[in-house]
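Participant: Using only what follows, build the 3D model:
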Amino acid sequence: QVQLVESGGGLVQPGGSLKLSCAASGFTFSSSTMTWYRQAPGKERESVATISAGGGGITYANSVKGRFTISRDNAKNMMYLQMNSLKPEDTAVYYCYTRRYGVPYWGKGTLVTVSS
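Facilitator: Numbers count the residues shown, from 1 in each chain. As a prediction, the model looks like this:
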């Protein structure tokens, strides 16, 4: 079955950096578009960054452009999110997401807290 497992979250000071990882299994990762979402307390879940199957197509939310970098390693079935210049408003649970044959799959999320 499809499994997505996020890791790398934690507490970081404003201006700091974190790198999130998503380990994928149970499907053909190399043929799947992947997305990082986040959900802040009291807010709706939002798309942060998307990467195409081959990695050549990437989009970012305006709020993270220039600060976050999405990447993937198809040989390892891994997706990453490098987050720099973190702000308190980046505090959220970050989720790994994909869709296969119209069925959405989510990881359980990893919490990122940006606070001094």
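
Participant: Rounded mean pLDDT for stretch 98-109, please.
Facilitator: Stretch 98-109 carries an average pLDDT of 96.

Participant: Would you mind listing the buried residues in it?
Facilitator: Thr98, Tyr105, Gly107, Gly109 (16 or more other CB atoms under 10 Å). (Each C-beta comes from the backbone N, C-alpha and C, glycine too.)

Participant: So which of those residues belong to strands?
Facilitator: Judged by DSSP state E, strands contain the following of the buried residues of stretch 98-109: Thr98, Tyr105.

Participant: farthest pair in the buried residues of stretch 98-109?
Facilitator: Using CB to CB, the pair of these lying farthest apart is Thr98 and Gly109, separated by 14.4 Å.

Participant: what number of residues lie near Asn77?
Facilitator: 17 (other CB atoms under 10 Å).

Participant: element containing the residue nearest the centre of the chain, please.
Facilitator: Nearest to the centroid of the C-alpha atoms of the chain, with distances taken as CA atoms, centre = their mean, sits Trp36, at 2.9 Å. Applying DSSP states H and E as the criterion places Trp36 in strand 34-39.

Participant: Tell me which other helices or strands that strand touches.
Facilitator: strand 18-25, strand 46-51, strand 78-83, strand 92-100 (3 or more CB pairs under 8 Å, 6 or more residues apart in numbering; DSSP states H and E).

Participant: Ser63 and Ser32: what is the separation?
Facilitator: According to CB to CB, to the nearest Å, Ser63 and Ser32 sit 25 Å apart.

Participant: any low-confidence regions in the protein?
Facilitator: Scanning the chain for pLDDT under 70 picks out no residues.

Participant: returning to that earlier point: dump the buried residues of stretch 98-109 into a markdown table; add distance to Gln3 as well.
Facilitator: Below are those laid out as a markdown table (distance: CB to CB, whole Å):
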| residue | distance to Gln3 |
| --- | --- |
| Thr98 | 11 |
| Tyr105 | 8 |
| Gly107 | 8 |
| Gly109 | 14 |
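
Participant: Looking at the buried residues of stretch 98-109, which is nearest Leu4?
Facilitator: Nearest to Leu4 among the buried residues of stretch 98-109 is Gly107, at 3.6 Å by CB to CB.
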